[in-house]
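Novice: Predicted model, plus sequence, below.
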Amino acid sequence: MMAFQFNVDVVGELRNIIPSCRLIVPSTVLYELEGIKKRSKGKNKIAASIALKIAKTPPIEVKEMKLQTGETVDDSLLRVSMRSKILCTNDRELRNRAREIGINVIYLRQRKYLDVDGHIKR
């Protein structure tokens with residue numbers, strides 16, 4: 001949603017930071033965005049709509065995922081990110097949890113550009 005909210009080319013920025021990585025969005029995130037879109041109005045509804053369009057457009061791939069018993073969307077993101085050791089999020093609590101288990105986090109800094117918390121091999 002930050003692409004709309006802060007006019008940041010998230011895909012372009014990610015390509016600069018991690019040019020050789022696949023950009024994957026778990027389907028659980030899409031379901032969460034669809035829920036936000038349905039129950040929101042105004043700017044949040046527009047931001048969720050744009051985020052959904054971006055997430056479904058190449059080079060981003062949607063990975064079909066099911067939540068495990070008792071698992072939240074955040075838990076599933078951490079589970080999936082354990083393989084690549086990279087997660088892109090602006091959610092502060094999720095960023096802290098990722099750092100605690102050794103996952104590098106890409107996040108929006110100063111509402112202008114993406115930055116890396118950790119070290120990513122290019």
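Specialist: Cool, the structure landed. Residues are numbered from 1 along each chain as shown.

Novice: What about Ala47, how many residues nearby?
Specialist: Residues lying near Ala47 (other CB atoms under 10 Å) number 20. Bear in mind the C-beta positions are built from the backbone N, C-alpha and C, glycine included.

Novice: what about it, helix or strand, and which?
Specialist: Element membership for Ala47 (DSSP states H and E) is helix 42-55.

Novice: And that helix, what does it pack against?
Specialist: Packing partners of helix 42-55 (3 or more CB pairs under 8 Å, 6 or more residues apart in numbering; DSSP states H and E): helix 2-6, helix 27-39.

Novice: Identify all contacting residues around whichever helix or strand comes after it.
Specialist: Once helix 42-55 ends, the next helix or strand along the chain (criterion: DSSP H and E) is strand 60-63. The contact list for strand 60-63, computed with CB atoms under 8 Å, 6 or more residues apart in numbering, reads 11, 22-27, 30, 54-56, 80.

Novice: Now Thr57: phi and psi?
Specialist: Here is the backbone geometry of Thr57 (degrees, to the nearest 10): phi -110, psi 130.

Novice: now it: how far from Cys21?
Specialist: For Thr57, the distance to Cys21 equals 17 Å [CB to CB, to the nearest Å].

Novice: So for these two, which sits in the more crowded spot?
Specialist: Neighbour totals were compared for Thr57 and Cys21, and Cys21 leads with 15 against 9 (other CB under 10 Å).

Novice: tell me which residues form a beta bridge with Leu108?
Specialist: Leu114 (DSSP bridges).

Novice: That'll do, ta.
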